[in-house]
Structures are given as C-alpha cells and as structure tokens.
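Asker: After the sequence you'll find the predicted model.
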Amino acid sequence: MTSAIEMVDVIDEPKAIEGRSPFSLALRRLRKDKVAMISLVVIVLIVLMAILAPVFAAVTGHPPNEQYRDIGLTPDGLPRGPNGTFWLGTDDLGRDILVRIAYGARISLLVGVIATAITVVIGVVLGLAAGFLGGITDTILARLIDVVLSVPFLLVAIALVSVTGPSLTVTVLVIGCFSWASVARIVRGQVLSLREREFVEAARSLGAGDRRIMFVDVLPNVIAPVIVYTTLLIPVVIVTQATLSFLGLGLPPPTPDWGGMISESQNYYTTAWWFILFPGLALLVTTLAFNLFGDGVRDAFDPRADRT
Amino acid sequence: MAMFLIRRIGHGILVLWLISVAVFALFFVAPSNVAQTLAGRQGTPETIALIKHRLGLDLPVWQQYLHFLGNAVKGNLGYDYYHQVPVTHIIGQALPITVSLALGAAVLWLALGVFNGVISATHPRSLADRGLTLFALFFYSFPSFLLGLLLLYFLYFRLTLSGFGWFPAGGYAPLAGGIGPWFQHLLLPWVALALLLAATYTRLTRGSMLDVLGEDYIRTARSKGIRESRVVVVHGLRSALTPVVTQFGIDLGQLIGGVVVTETVFSLPGLGQTAVTAINQQDLPVIIGIVLFASAAVVVANILVDIGYAVLDPRVRLH
C-alpha cells in the first residue's frame, strides 16, 4: 500500500523542463521541414559520392582519366552512349562519364566548402571590426566593402585567373577574396546596433577589452544571419567555380570537374546528349539541394519570414 | 538632399579611383608579353623595345598610371594595343548589346518575379505558393551557362531539326536592322537571364507584400468595400515595391559587367564578351576600361537607388 506522502511525491515530481536555446528551437523547426531534410539527404549522398569516387573507379574498372579510344568511342570517334560498360556513356576522349562525375564532385564540394569558409571568416572578422570599433577603422573598411561590391566580380576573376594561370588555390582565393564583402556588410549592420545594447556596456564595466567583447559577447548574436548566409553561399560558390571552369579557367585538364565537362560537351550536344546531360544534372542537383536546404535553414532561423 | 548627393557622388568617385589603382596595379605587376606578341615570332629585341615605347610600356608603372588617370578624367580611356581604336569607342560599340540584353531580361524578370510574388503572398502556404517558390528556386539554382545551353539545345537545335527555325543559334542583330531580327536574336538570352533572376524578385515581393497586407491601412481599404484586386494591386503592391525597386537598381547596375556567361553562350559581342576577348589577348587598356566602366555603372546605380528610395518612401530622409 502506498502512503499518501509518497503519492504526493510522485505527483509533485517536477517534470524536467528542457532548456531550449533559440538555436535548438531553430534546429527543431529545421528537422520538421520535409523539403530541407530531403535536400540534406541528397547533399549527404553527393558527399558520399565524392568520398567514394575511387570505389566508382574500382567497380567500373575505369580510372577517371583513362581514355578508352577503342571501346569508349564509336568507329567515327564520337562519344558512346550509356551502355553496360559505360553506365553514363563516355566523353569525347572515351573517358567514363560516371567516374568523372564522381571525381568532379570532390572539386565542387572542396571549393564550395573551403572558399565559403574563407569568405565567412574574412567577412565576419572585418564586419565585426568595422561595426564595433567604428571611427577610422569603420570608414576604411566601409569604403573597402564598397569597392569590392562595385567591381564586376566575374570579369576581374577571369582576368586574375588568366594572369596567374588556373589552379585550385587561385580559384578558391579569388572567390574568397571577392565574396567576403556581402558577409561583412551584413555583420557590420547587425553589430552597429548591437554595440549600443546594455550587455556590451555590462561587459565593458566588468573590464572586458574590445577583442573579448567582439568575439565573446557580440559574435554569438550575429551567428544566426551568418549561418543562413553561409548555407546559401555554398551553392553560389559551386556555381562560380563551375562557371570559371566552363570559361576555361578552372582546373587544368585532365582533372575532372563538372564545369569543365560541360564546357567540353558543348561541341557534342547535338550528337551526344548524355555528355552534357549527366554532368549538368550533377551540378544542378547539387546546387538545388543546397539552395532548398539553405531556404529551410533561413525559414528555421527567421520564423517571421514565413509567418502570415 | 543636395548635401547627400554631393557626399554620395564624392564616395562614388573615391571608390572608382580605388578600383582604378587596384586594377592598374594588378595588371601591370603581372608579367606581360604583349610587345612580344605584337612583334610576332620574328620580332627582334629592337622591335619589341620600339613597340613598348610606342605603347608607353617602358615608363615606370606610376607614370603610366598618372598618364592614364589624366586622360581618363578627360573621358579618354586610352587605345587598344592591337588596332589603336579608342577604348571608349569599343565600349560604345558593345554597350548597346549589353543594354539590350539587360533591359529586355529586366522586363521579363520583373513581370515574372512580381506576378509570382503577389500570387504567393495573397495565397500564402497554398499549393500555388509552394509551387511558385519551388519554380523560382529551381531556376535560381541553374548555373547560367547550363540554362543557356539547354535553351539552345531544345529551342534552337531541336526546334530547327523539327522544321521550326524560330530561334537563331546565337549572335546579335542590331536594332537598326529592324525590330524583328533583334527580338528574335535576343529572346532566348532574355529568357535565360530572366529565369535566373526572377527568383530573387519572387521572394522579395512575397515577403514585403505579406508585411504590407498585414498593415492597418489595408484593413481600412478592405472595410471600405474596395475590390480585393484593387486593394492588392493599388494599395498593397505600391508600397510593397520599394525593396523590389532597390534590388532592381542594384541588379541592373551589376548586369553591365555581369552578363559575361550569357553573352558567351549566345555569342553576343557585348561588354562581357569583349572583355573576355581582351583578357585572352592581354589587351590591358580594354580590360581596364571595361572594368572601370562596369564599376561606374554599379556606383551610379547605387546612388540612383538611394534617391529612388527617398522618392518612393517619404519616411526616408537623406542626410
């Protein structure tokens, strides 16, 4: 028999209240977003394809740069369509398109992630400095942001790459050095209003220095828009890299990358549809998945945007 | 207002000057063998030296820059290395093509973006809203060269193959030669560009329209018995368009130097393609001229946007 006291204990046992930060609330909203979750799965699959690219080569038995001029080309020297040996067909040099797409994913993702990371780090640090320190620092940085945002990015990027010669490092640096300005502008705008808030004053009265206040107190408050912007920046960077490759300024051949493959396929699109279709599809699916996911992240972090 | 304009123009000139220094430094520091190329394979060192002297390449970089700047202030951007044509003339030839491309596409993407945005905002969370958002994101995700090539494949190659030669494979027909061919040559590039850019406008219109439709004066208008379509278009859309106009100005300014890919895919000899050719030939005066001109377009567009903002929204004060 249970005593009354025990019963009361059982009833009064306070249910543990889960502490929910805005961040975990956003994650919860994101997890409920079906489109965003499907996109995330697609992104994971593409990442897996990139990691497992050597497996594609091993299973098909076709290294990415091996030219099968005998079995990979028709007697007229044209690419072969999808068949039992070459599942997605071959390109103009008789190389396996499937294997090259898998290897190409590495380039796209690598550039997408690294260039975005550089962009965001430069943009956040300079935006924080401009907005928080103000004065002459802000004046100089604000003009610098104006300059970078006014320059025709693609033209200067093409010119730069043509001067230095194409390489992965140059591509990443060019994209990083020209894209940070929009991140910096967003961060600067947020910080300008944040620095007048009481918690900054409180931190200062506790004896915290500029650097500590900037990175420990102010930075966490701008992280949400930065996350949203970062997710939406990755597909933009991937497209930029592919565009440079398409214009012949990507990676030196025979490195497989999607923009370069599409560029090579241009002369064959009337005779070999698979040559342009599959690399194009790979690129489109990747950017679409990142954009749909980024869209979900935006809605999750800024619920106001989608509310009626 | 006058003070604001003076300050903004001052900033604009400062930005352009900084860009000219940066671009100049960038290209003159880089190794160049233009003189060698011009002299040809048999060029003797003397010929090369002579060519360098004629192009002013034997002077120190800062002297070349001052020379360039002095001329640029007077509206002379120098002459191209190969045919001694004034750069301003080259820009003047290419500009109408780029402007035709940008403006035509602008009409399409504004119509498409604003229309879809209004439909989405007046039916939030409906099937139409979701469908239009997906449609916009789909084309937004398209790399421009891929969309261009696909349009060429289906609407030029496939159609022509089936006996409907409605669209040319590319190239440009000047407006002077009749509006028909001009339109025919530009329709596919317009569509390619507009589909990419419409997404931003759909989202922008939807967002600001949703905000505006929640305002009190919209309720007032409705309660006065005004037709819903009139409430949406006349009362709502008018103030919802402010951010759209801002974005429009910025995009239009950037397109002057930003349609490189579309021009390349559709073989339109506009500013972008001219610049790419110049880059391949290391024709520095042309590259610098076009980069500066395109930057100036962005700077001017931004100033116009700020003014337009104040005109459209009386709450904004410029100072």
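Answerer: Great, that's in hand.

Asker: now the strands for chain A?
Answerer: When secondary structure is read from DSSP state E, chain A shows no strands.

Asker: contacting residues for the closest residue to chain A within the stretch 101-250 of chain B?
Answerer: When distances are taken as Cβ to the nearest Cβ, the stretch 101-250 of chain B reaches nearest to chain A at B:Ser141, 4.1 Å away. C-beta coordinates here come from the backbone N, C-alpha and C atoms, glycine included. Applying Cβ atoms under 8 Å, 6 or more residues apart in numbering or on different chains, one finds that B:Ser141 lies in contact with A:Pro235, A:Leu284, A:Thr287, A:Leu288, A:Phe290, A:Asn291.

Asker: Setting the sequence-adjacent residues aside, check what's closest to the fifth one.
Answerer: What that stands for is A:Phe290. Distances taken as Cβ to Cβ, 6 or more residues apart in numbering or on different chains place A:Pro235 nearest to A:Phe290, at 3.9 Å, with adjacent residues excluded.

Asker: ok, now which ones touch the closest residue to B:Thr122 other than its chain neighbours?
Answerer: The shortest distance from B:Thr122 to any residue other than its chain neighbours is 5.9 Å, reached at B:Val232 (Cβ to Cβ, 6+ apart). Residues in contact with B:Val232 (Cβ under 8 Å, 6+ apart) are B:Val118, B:Thr122, B:Leu213.

Asker: Pull the number of nearby residues for the first one.
Answerer: Around B:Val118 there are 20 other residues, counting by other Cβ atoms under 10 Å in any protein chain shown.

Asker: elements contacting whatever helix or strand it lives in?
Answerer: Counting by DSSP states H and E, the element that carries B:Val118 is helix B:87-122. Applying 3 or more Cβ pairs under 8 Å, 6 or more residues apart in numbering or on different chains; DSSP states H and E, we find helix B:87-122 packed against helix B:127-140, helix B:179-213, helix B:242-258, helix B:260-265, helix B:271-280, helix B:284-312.

Asker: Give the buried residues for that helix.
Answerer: B:87-88, B:90-91, B:94-95, B:97-102, B:104-106, B:108-110, B:112-114, B:116-122 (16 or more other Cβ atoms under 10 Å in any protein chain shown).

Asker: Check stretch B:180-193 too.
Answerer: Counting neighbours by 16+ other Cβ under 10 Å, one finds that the buried residues in stretch B:180-193 are B:Trp182, B:His185, B:Leu186, B:Leu187, B:Leu188, B:Pro189, B:Trp190, B:Val191, B:Ala192, B:Leu193.

Asker: Just send those back as JSON lines, with distance to chain A and pLDDT too.
Answerer: Formatted as JSON lines, those follow (distance: Cβ to the nearest Cβ, whole Å; pLDDT from 0 to 100):
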{"residue": "B:Trp182", "distance to chain A": "25", "pLDDT": "85"}
{"residue": "B:His185", "distance to chain A": "19", "pLDDT": "85"}
{"residue": "B:Leu186", "distance to chain A": "21", "pLDDT": "88"}
{"residue": "B:Leu187", "distance to chain A": "20", "pLDDT": "89"}
{"residue": "B:Leu188", "distance to chain A": "15", "pLDDT": "90"}
{"residue": "B:Pro189", "distance to chain A": "16", "pLDDT": "92"}
{"residue": "B:Trp190", "distance to chain A": "19", "pLDDT": "93"}
{"residue": "B:Val191", "distance to chain A": "17", "pLDDT": "92"}
{"residue": "B:Ala192", "distance to chain A": "14", "pLDDT": "91"}
{"residue": "B:Leu193", "distance to chain A": "14", "pLDDT": "92"}
